Structures are given as C-alpha cells and as structure tokens.
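Q: Based on what follows, work out the 3D shape:
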Amino acid sequence: MTVRAPEEIEAEHRVLLVSIFATLGSVLLVAFGVLAMSTGRAVLATVLLTTAVLCLSLMLYSRLTGDFRNVSFLLSALAFLLASFLIMHGGVEGTGAYFAFAIVIIMVMAGFTNIRVTMSICGLFLVAVAMGLFGSVSQHWVYPYSFVEKVLILVALAALMLLAIVSEWIRLRSYSATVDIHEQVCVDARHDALTKLLNRRGLEGALAALPPPRFPASLAILDLDHFKAVNDTHGHDAGDRAISAFARHLRSSVRAQDIVCRWGGEEFVLVITDAQCAEALAIVDDIRMDFARTTLPIGDNGLRLTFSAGLASLESAGAFERALADADQSLYRAKNDGRNHLQVAEADEMPLHSDDDTPPSGSAVVPSNLAAKPPNIIPV
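A: Predicted coordinates for the structure are as follows:
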C-alpha cells in the first residue's frame, strides 16, 4: 500500500476543485446562457456564456501546465465577479441572487489559503454588494429589490461566507496537523529515539543522497568496550546516558558532511566522506583518544569509557553492504586485540605507527595510546 504525502493530498484537493467547478459550472452556465438568450436577455446570456468559456479555458490551462493552485485562485476571482453581477442584475426576475449564494461558496472554497486574507476578500465582496444594492448612483441598473430583500441578501451572503470560511479553516487546520504528524513520523522513522542520530533506515537514505564527489569514502563501525558492565554496575539509565554522551561526542568530532548513525545498542556507524582509509583512520583514532580522556557524569566519581572500531573503504553507496561486512570483520579483530583498538579491513591495510607502540609488519592496528592494557571502564 502506497502512503501519500499530505502535500499530494492537498494538490489532489485543488485538482478536484478545479475540475468540478470548471466542468459542472461551465455546463450549467451554458445551459442558463442559452435559456437567457432564447428569452431575449442578451446581457445576462453574454455574461453567462463568457464566464463558461473562461471556466473551460482555465481548466484547459490547468491540464496543460499542471498549475492547479493559481487556476483555483482565478476561478475564485471569476466567482467573485459572477456572483456580484447576478446579485446586481437580478437574473430572471430577481432569482440571480439565489444562484449567487452557491457561487459565493465556490469563491471561498477555491481561493481559501489563509483565514485573514479570505475574510478580507469576503468583506470586500460584501461592501461591494452593499454599495451596489444601496448606492444611489447605480440604482438605474440594479435590480429593484425591496429594502427587506436587500438586507436579507446581505445577511444570507455573510452567513454563507462565514460558514464556508470556518469549514475551510477547519479543513486546513486538520491538513496542517496531518502535515506535522507526517513530518514527525518521517523524522522518527529515520532517527534513533535516544541519540537523535540517524538509524539504519536513515543511514541508507543519507548514503543514497550523497553526491558522487563525496566518494570514495570510509566506513567505520564503532563499539563501546565492555558496555555490559556499565549496565550491570550502574543500571540501564546510566547506560543510556553513556550512549547519548558518546553520540554527542561523535557528532561534534566529525564534519557536517559526514554521516553518524546509531546502528544498534552500543554500536555506531560513521561514514567519513571524501576520505581514504588512511585519513579516516587518523580521524577515528583522534576521536578514540579524546573520548578515552572524557569523564562521563556517571556514578559517584564519574566514568571513562573506550571504544574499538573497524574501518573499510566505501567506494560508492551501492558498495555499502560489502564495506559494512569488511568493517564488521575489522571490528571483530580489534576486539580480539584487547579492545580500545582500531583495525582496517585487510584490503585496505597499511603500516601504521603510534606514539608508544609499533604494530607488526603489515598490520593495520592502532593500539591504545593509554597505558598498556588499560581498563576499558576507568573509575575516576
């Protein structure tokens, strides 16, 4: 089942309004125009037939251009003019006002986008009609309604427009709420609730959106060392705070164009764009050392954690699964090497050096720069 975005639903609403008002309206206008012509009412017939032609032209234009939004506003303006004419002219023996009531509703529905603007337009319409009905200058061409009829016409118009405005306002408020919920659901579906980082689905979308110049990139899987001990010793709430702190540390340690994702549990994925493994390895090692020196506000005396990581080259978004598998194998080797280490996928291995350790020839291990075999959870 395909889920449509709220914007698509509102666009379809516009299309439906234009199609119904233009098609049905033009048919009725032609019928009444021909009837008026047959009874010798040339002015009324001309206005009705001209309006019908304009309606059909607007509908044709909307079909050719897809610009249903602006066409709906033009239909609203056309309804404004037609309703004003029918009230002033009177139609057939004063019945034009009755048809104007329905046209006024069309005017509001087709042109409503903002309650203040729409109320201003409706107020302008009422003022124009009132001046036409009660003004002394135009009495020679306005249909001779009685005073009571004029008042009733204005009251009925005001009531109908108010009901139409309230109805459209409620509809748009509901639509806005639907849009907000839709956007929030989209955000929630792509972000981790605890850390607000991308989740797996969000990572896939972010990778797909990366432009080709961002590749080749490097992918790293980072895993907090001995994290189970944090939950066992300090509780799961402390574990959540540790994960959140690590997430903030990662986000603040990389560039805006890099991608940070919580892959699951205490495991994170970092995509360093436009970077070979050597450059990415240096970046992740800096993050590792900085984080190892960071005291987290957990427990009575604070807590320090370390992480291990595996890295692999990511040549394109389509190579993600392969790079992920390579990085995962590298992470496994880093854990076996004593944790608080980095490992690069075998295909990307290079000789590396640290300040106080020299790795074996051909190894891609970056050992801890802390003391030999440091504890991964260091009480402060």
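
Q: Tell me where this protein has strands.
A: Secondary structure of the chain (DSSP state E): strands located at 217-224, 259-264, 267-272, 303-305, 307-314, 342-344, 365-366, 377-379.

Q: where does this structure have low pLDDT?
A: 1-7, 137-140, 347-380 (pLDDT under 70).

Q: How much space separates Phe32 from Gly91?
A: Phe32 sits 8 Å away from Gly91, going by C-beta to C-beta, to the nearest Å. Glycine gets a C-beta too; all of them are placed from N, C-alpha and C.

Q: same deal with Phe291?
A: In this view, Phe291 and Gly91 are 80 Å apart by C-beta to C-beta.

Q: Surely Leu48 is in contact with Gly25?
A: No - Leu48 lies out of contact with Gly25 (C-beta atoms under 8 Å); the separation is 10.4 Å.

Q: The two: which has the busier surroundings?
A: Here Leu48 and Gly25 are compared on neighbour count by other C-beta atoms under 10 Å; more neighbours surround Leu48, at 27 against 23.

Q: List the contacts of that one.
A: 29-30, 32-33, 36 (C-beta atoms under 8 Å, 6 or more residues apart in numbering).

Q: ok, the residue nearest to it when sequence neighbours are not counted - how many residues close by?
A: Leaving out its chain neighbours, the residue that sits closest to Leu48 by C-beta to C-beta, 6 or more residues apart in numbering is Gly33, at 3.6 Å. When neighbours are defined as other C-beta under 10 Å, Gly33 has 22 of them.

Q: pretty sure Gly33 contacts Ala45?
A: Yes - contact criterion C-beta under 8 Å: Gly33 and Ala45 qualify, at 4.8 Å.

Q: shouldn't Gln257 be in contact with Arg214?
A: Yes - Gln257 lies in contact with Arg214 (C-beta under 8 Å); the separation is 6.8 Å.

Q: list the residues that contact both of those two?
A: 273-274.

Q: May I see the domains of the protein written out as residue ranges?
A: According to automatic domain parsing, the chain comprises the domains 6-188, 200-379.

Q: can you list those domains in CSV and add distance to Leu194?
A: Output for those, formatted as CSV (distance: least, C-beta to C-beta, whole Å):
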stretch, distance to Leu194
domain 6-188, 12
domain 200-379, 6
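
Q: tell me which residues of stretch 89-105 are tucked away?
A: Buried residues in stretch 89-105, defined by neighbour count with 16 or more other C-beta atoms under 10 Å: 89-91, 94, 96-97, 99-101, 103-105.

Q: Quick check: end-to-end length of it?
A: Stretch 89-105 has its terminal residues 19 Å apart, counting by C-alpha to C-alpha, to the nearest Å.

Q: Renumber starting at 7 from here on
A: Yes, from this point I'll number from 7; that puts the last item at stretch 95-111.

Q: and Met295, how many neighbours?
A: Using other C-beta under 10 Å, Met295 is surrounded by 18 other residues.

Q: Could you measure from Thr300 over to His197?
A: 24 Å.

Q: which one of the two has more residues nearby?
A: His197 (17 against 14).

Q: what's the more buried one in contact with, if anything?
A: Contacts of His197 by C-beta under 8 Å, 6+ apart are 203-205, 208.

Q: can you count the residues close to Ile304?
A: Ile304: 23 neighbours (other C-beta under 10 Å).

Q: actually Thr71, not the one I wrote
A: Once other C-beta under 10 Å is used to define contacts, Thr71 is seen to have 10 neighbours.

Q: likewise the one 3 residues further on?
A: Other residues within reach of Phe74, judged by other C-beta under 10 Å, total 22.

Q: just Gly245 next, same as before
A: Around Gly245 there are 21 other residues, counting by other C-beta under 10 Å.

Q: Please name the nearest non-neighbouring residue to it.
A: Closest to Gly245 by C-beta to C-beta, 6+ apart is Asn237, at 4.3 Å.

Q: same question, Ile265
A: That would be Val277: by C-beta to C-beta, 6+ apart, it lies 4.0 Å from Ile265.

Q: hang on, isn't that neighbour packed against Leu213?
A: Yes - using C-beta under 8 Å, Val277 is in contact with Leu213, at 6.9 Å.
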